[in-house]
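Peer 1: 3D, please:
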Amino acid sequence: MDLVTTLLVGVPTQVGVFTLVPLAWWLQAGRPDGTLLRWLGFRFVRGGTDPAVLAAVVTCALGFFGSALLGGPASWAAGASGLAAVLIVPITAVLQTALAEEIFFRGFLLRWLGEKRPGPVVANLLQASLCGVLRAAGHWLFVDRALAPCLAALALTAGSAFLAGWLRQRTGSILLPWAAHGGGNLIAGLILVLSR
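Peer 2: Next up is the predicted model:
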């Protein structure tokens with residue numbers, strides 16, 4: 001995919017696809033919390049200055065950073081160079097990847113599972129495990145078929161997803177998990193693009 005296609009098609013498509021299931025569930029559930037965005041966790045952060053929360057944000061960002069570095073440069077980056085590549089990294093790192101995943105995993109899946117019988121800790125473990133397995137599978141299919149990097153991607157992503165889920169549960173918002181995820185992806189993406 002070239003830069004223009006990534007920007008105009010890839011980004012909105014990925015965010016849209018990751019929002020379809022939450023939207024369908026929210027509509028059939030009678031629109032809890034008034035608006036979809038509020039239900040997903042787009043709300044003010046409670047306790048954002050708590051040292052445990054801040055430590056979790058930094059640790060979460062470092063985990064997503066490591067996972068993104070393992071993934072290597074995105075397919076559009078192969079043909080991109082210079083300022084154009086640097087300008088599109090924030091859009092793909094923060095919106096296409098981080099926002100889409102936070103909407104689905106921490107905004108929808110974690111909340112939906114938490115409302116079921118297993119409770120908040122099991123819900124967080126389940127969403128983190130699924131997120132890690134999907135990242136490892138993607139790594140295996142599209143990046144490298146070596147076992148060690150796939151297991152590293154699984155561990156880094158699942159650990160970071162668990163912390164992101166804890167942040168969502170602790171603060172009532174997906175804004176800090178999104179910031180940590182987007183920040184880790186952004187720094188890794190810029191390093192990968194600039195080091196080519």
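Peer 1: Val193: helix or strand, and which one exactly?
Peer 2: Secondary structure assigned from DSSP states H and E places Val193 in helix 175-194.
Peer 1: by contact count, what packs against that helix?
Peer 2: Using 3 or more C-beta pairs under 8 Å, 6 or more residues apart in numbering; DSSP states H and E as the contact criterion, the elements in contact with helix 175-194 are helix 51-71, helix 82-90, helix 147-171. Just so you know, the C-beta spots here come from the backbone N, C-alpha and C atoms, and that holds for glycine as well.
Peer 1: Could you export those as JSON lines, including distance to Thr97?
Peer 2: JSON lines is the format used below for these (distance: least, C-beta to C-beta, whole Å):
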{"stretch": "helix 51-71", "distance to Thr97": "8"}
{"stretch": "helix 82-90", "distance to Thr97": "11"}
{"stretch": "helix 147-171", "distance to Thr97": "11"}
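Peer 1: just checking, next helix/strand downstream of the lowest-mean-pLDDT helix or strand in the chain?
Peer 2: Least confident element among the helices and strands of the chain, by mean pLDDT, DSSP states H and E: helix 3-5 (a mean of 71). Later in the chain than helix 3-5, the nearest helix or strand by DSSP H and E is helix 11-28.
Peer 1: who's in contact with the helix or strand that that next one is followed by?
Peer 2: Once the chain leaves helix 11-28, the next helix or strand it forms, by DSSP H and E, is helix 36-40. Under the criterion C-beta atoms under 8 Å, 6 or more residues apart in numbering, residues 22-23, 26, 31-33, 103, 107-108, 111, 174 lie in contact with helix 36-40.
Peer 1: Would you mind checking the residues you listed for buried ones?
Peer 2: Buried members of the contacts of helix 36-40, scored by 16 or more other C-beta atoms under 10 Å, are 22, 26, 103, 107-108, 111, 174.
Peer 1: Check those residues and tell me the two furthest apart.
Peer 2: When the buried ones among the contacts of helix 36-40 are compared pair by pair using C-beta to C-beta, the farthest-apart members prove to be Trp26 and Ile174, with a separation of 14.4 Å.
Peer 1: hang on, the earlier thing: and the angle for the helix holding Val193 with helix 51-71?
Peer 2: Following axes from the mean of the first three to the mean of the last three C-alpha atoms, to 10 degrees, one obtains 30 degrees for the angle between helix 175-194 and helix 51-71.
Peer 1: Rounded mean pLDDT for helix 175-194, please.
Peer 2: Helix 175-194 shows a mean pLDDT of 94.
Peer 1: That one vs helix 82-90, what angle?
Peer 2: Using the same axes, to 10 degrees, helix 175-194 lies at 160 degrees relative to helix 82-90.
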